[in-house]
Each structure stands twice: as C-alpha cells, then as structure tokens.
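Asker: Need a 3D model of the following:
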Amino acid sequence: MFKKYKIVSGLIIIFLYSGFNQLNAQTNTLYYMNGVQQSLYLNPAYQSDCNFTLGLPAISGINIVFDNNAFSYNNWFQKSINSPDTLILNFNNVKNQLNKNNYINFTTAIPIIDLGFWIKNSYFTFSITNKTDIALSFPYELVELAIEGNGNYIGANNPMIIDNLGLRSMNYHEFAFGLSKQITHRLFLGARLKLLFGTSNIDSQNSEIKITTAEDTYAIGIDTDISLNLSGPFSIVRDSSGLIEDIQIDDSDPLSYALTAGNMGLAIDMGATYKFNDHFDFYASVTDLGFINWGKNVTNLTQKESYTFTGLSLDSIGTNYNEFNAVLDSLDRFTKFKESNLDYTRMLNAKVFLGATYSPADFMNFGFLSKTTFIGKNVLQAFTLSANFHPAKWFSGSLSYTAASGKYNNFGLGMAVNAGAFQIYMLTDNLNSALWPKDAKSLALQLGINLTFGCGKRDDYSIINNKKLRKDVDFL
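Answerer: Predicted structure coming up:
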C-alpha cells in the first residue's frame, strides 16, 4: 500500500547521492587574492609570480559552500512556551520568511591535479577537477498550500500555480587547459578551455502544477506537467502495466560510473584585467559557459495529468467504499510516470564577474565585485566589498563584506602564508556563520595547500623589458 510513496523517497535518496556529501566551491573573497593560484578559477587572466605551482589532490582546495534564501535555524524553530526544552516548528514564521522564489544551492569542486607554469611570457595552467552543482528551487505557493490550503485561490480566474519547482544536479569531470598573456603593459587576457565528462545528472526544469478551485462547488482541479531527466546509476522499477513505481540507486559497480566518459560537454572561462593607471584596475570574467550532452544511462520521466475532485458523499464513508476507492485510484495516477530514453543537453550554471580595485599604496587595495549566477531560469546576484593587503612576501590577507539575495550580514576573511615551497591559505565569505550559526543562511569556507617554486623571479620575461609590447596604444 506504500508503493505510491516510493518515487518521492527515491528522488530524495538520489538528491542526497548526487552531492550532499561533497560541499565545496570557490568563495567571492578569493577573487582579489592574487597570490593564490585558485583565484584563476574565477578570472583566468590571473598570472602567478611563481615559475611553477602545483596543487595536490584534495589538499590544494578543501572548500565548503552552502547558500539559500529560504531559512535559517532561528527562522524555522523556536522554543515551546509550555516546555522550554522542546523545539517547535513555527509555521507562520516560516511562511513570513519565504520569498516569491526560494532556492537552496550547493556547489563542489574537488581538485585532482592543478598545475601552473610559465613558458617565456605566457602563463599556462592545467587542471583535472570533479565538480558537482546542485540547485533546489521552490515557490512561495508550495509552502502556502501546505500551511493555509487553497483558500486564497478561489475561482477559475484565480488558480494557484506552483512553478519554478525543481531540482538541478550534475556531477562531472573537468579537464581544463588555460593560457594567460599580458597583451600590453595595461591589458591581461586569459581563457580556459574545458572538456567535460558527465557522471550523473538530475534535471526537473519546466515542471508545473496548477490547482483550480470552483467558486460555486469548491471542486478542486489539479493539472500537472512534470518532466524529470536522469542520467547515472539509477534503476527503474515498473509495475505490471509498465508504469514507473520506484526509482533506486544502482550501487553494484560505482567505479564504472565514476570513470564514465559517455556524457561529453564543452565549456570555457574567459577573463580580462585592465590596469587603468597606478591606482585603478578593472576586472571582468565569465566562467562555466558551456554544456553537457547527456546520452548515457538516460531515463526521461514525464507526467501530464488532469484530475477533478468534487468531494465524497456521506454514504461512501463507512458503508460503501467504491466511491472512496475510485478517488484513491484516480489519485494514484499522480505517482505514475511515463518513461523514455532520449538524449538531452543541459547548460552549466554560468557566472559573470565584474569588478574594480583602488590601490592607495603598493601593498594594499580596496575592491568591488559583482557576481551574477545563472541557474536555469533563476538569476542570483551578489556584491562584495573587500580590503586586500600584502604587507610582506610571506603573507597576504583580505577582509570582505558580501550582500547576496537579501542577506546583508556576510563578513569574510582571507589569509595566505608562504613558508618556503608551501603556501597555506584559508578564506571564508561568512565569518559570521561561525559566530552565529543559528542565524546563518550561507556558509562558504575554503582552505588548502599549494607547492610553489621560483616565486618573484619573473624579471627575465617581464613586459617592461619587452620593447615590442611596450608600443601599445595608451587607450588600451
């Protein structure tokens, strides 16, 4: 009797499998930490002042990022008045804290290898990274329906439409080849071409549920238009009629899925740095501009159903179960999906960065950064102010403040220490989340160790000594 709940529980398991266990990505504070090799992931125009930089598996970047605009611990839970030791879910406060469109995001980037090296006046990079992008979105109306019902949506012209509801999750391997060159004494350009190999994907974009309540009879009409694409270690269980009744994780051969190369894609990062004068620098970059074509182990699930519930007669309760069973049979259609196996293409979550720095002295600057993230139909915006300083060859630091998606209390900190060939760095956009975790809606922490060699010895191929490149036009 519980088969109708298997699909829901299966999707929850898939969501957890796809990336809940790896939560890391790049922080905004990293953008102006020019002494840290990993900043080129945000702007590929970055150039190291070290002849050779090596990032080792995992330890070169242990990163954790969680971001949402829907809840914090204190927004959702409160102590019971009658029993102070008991926590209760405050439904009214939950509803009041929600936005029209709500999201929960996770992004990951686990380094396998990371190289940076100079050949004359060109800076080359190569990296292999395992990445996971997860985005869960849901509208205000979904929670409103659960808490208040459909009383605010009466009449054929006033339907409750639950859209922007979905899960986008993908895990893939990225092979990136980068080049950064100083074009003139003012302009630096860089790009990273990335070959992608997808391992698993869940995509439920363009799903919608429409609920209409008749003004005279209060009959409820439900229309669903749901699509779900899966690619990865997922197995489908069907009933006797061939409809989907369960989705399970196939863990019989996890290594083959981890090394899969059947879902190929292509992406590019592009960046530029322009030195306007001795005090002002301008920055622009686009990352993860690309796609993956999912064609291996693909399952497409669709549901397009309509149902009208007019109520139950009193006779059907306790005496005649035929009418009651008929209602249950009709509702059972909403747990069934049709299946196909068609290739599909999905874009990555592209990001656009625009920024500028002002340097009152050689050892410090003040920065502004705008970050725009595109996740399906959703556009997320963040702004970061920072103070960045490099008082000694062995130490650099950054203090930052970020405003993002209605959250205005994100204070960040970054530090990098060079001890011989070892560079140890740590950055966070949300220092306040560690101090006041119950009020936190975001968490961004990144730390790692790089090996650096020949730092500060780039004069042989300096742009200053290259007469050809010094002939650039000043307006460039």
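Asker: check contacts around K351.
Answerer: The neighbours of K351, taking CB atoms under 8 Å, 6 or more residues apart in numbering as the test, are V286, T287, D288, K371, T372, T373, F374. C-beta coordinates here come from the backbone N, C-alpha and C atoms, glycine included.
Asker: who touches the residue nearest to A404 when sequence neighbours are not counted in this structure?
Answerer: Closest residue in space to A404, ignoring its immediate chain neighbours: A382 at 3.6 Å, by CB to CB, 6 or more residues apart in numbering. With contact set as CB under 8 Å, 6+ apart, A382 has these partners: N28, S370, K371, T372, T373, T402, A403, A404, S405.
Asker: What helix or strand is the third one located in?
Answerer: Okay, so that is K371. According to DSSP states H and E, K371 maps onto strand 364-375.
Asker: how about the following helix or strand past that strand: buried residues?
Answerer: Next helix or strand after strand 364-375 toward the C-terminus (DSSP H and E): strand 378-392. By neighbour count on 16 or more other CB atoms under 10 Å, the buried set for strand 378-392 is N378, L380, A382, T384, S386, N388, H390.
Asker: do the same with stretch 280-297
Answerer: Buried residues in stretch 280-297, counting neighbours by 16+ other CB under 10 Å, are found at 281, 283-290, 292-297.
Asker: helices or strands up against the strand or helix carrying N74?
Answerer: With secondary structure defined by DSSP H and E, N74 is part of helix 73-76. Packed against helix 73-76, as judged by 3 or more CB pairs under 8 Å, 6 or more residues apart in numbering; DSSP states H and E, are the following elements: helix 91-97.
Asker: Beyond the helix it packs on, next helix or strand please.
Answerer: With DSSP H and E, the next secondary element past helix 91-97 is strand 101-119.
Asker: Could you pull up the mean pLDDT of that following strand?
Answerer: Mean pLDDT, computed over strand 101-119, is 85.
Asker: Could you check the angle whichever helix or strand comes after it makes with strand 378-392?
Answerer: Towards the C-terminus, the helix or strand next in line after strand 101-119, according to DSSP H and E, is strand 122-139. Going by axes from the mean of the first three to the mean of the last three CA atoms, to 10 degrees, strand 122-139 is angled at 140 degrees with respect to strand 378-392.
Asker: So in that sheet, which strands flank strand 122-139, and in what orientation?
Answerer: Based on DSSP bridges, the strands next to strand 122-139 in the sheet, each with its direction, are strand 101-119 (antiparallel), strand 166-182 (antiparallel).
Asker: Looking at those strands, which is nearest to N410?
Answerer: Set against N410 and scored by CB to CB, these come closest in strand 101-119, at 14.5 Å.
Asker: what angle sits between the strand or helix carrying G448 and strand 378-392?
Answerer: Here G448 is covered by strand 442-455, with elements defined by DSSP H and E. Orientation of strand 442-455 against strand 378-392 (the same axes, to 10 degrees) gives an angle of 40 degrees.
Asker: and strand 442-455, C-alpha only, in CSV?
Answerer: Presented in CSV, the C-alpha positions along strand 442-455 are these (Å, rounded to 0.1, in the frame of the first residue of the first chain):
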residue,chain,number,x,y,z
SER,A,442,25.0,30.8,3.9
LEU,A,443,28.3,29.1,4.5
ALA,A,444,31.5,29.5,2.4
LEU,A,445,34.8,28.1,3.6
GLN,A,446,37.9,27.3,1.5
LEU,A,447,41.4,26.2,2.6
GLY,A,448,44.3,24.4,1.1
ILE,A,449,48.0,23.9,0.5
ASN,A,450,49.9,24.7,-2.7
LEU,A,451,53.5,23.9,-3.6
THR,A,452,55.2,27.0,-5.3
PHE,A,453,58.7,27.2,-6.8
GLY,A,454,60.7,30.1,-8.2
CYS,A,455,58.5,32.9,-6.8
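Asker: Could you shift the numbering so residue one becomes 776, and keep it that way?
Answerer: That works, and once the first residue is 776, the last one we named lands at strand 1217-1230.
Asker: Okay, now the sheet partners of that strand, with direction.
Answerer: Each strand that strand 1217-1230 pairs with, and the sense of that pairing, follows from DSSP bridges: strand 825-830 (antiparallel), strand 837-843 (antiparallel), strand 1197-1203 (antiparallel).
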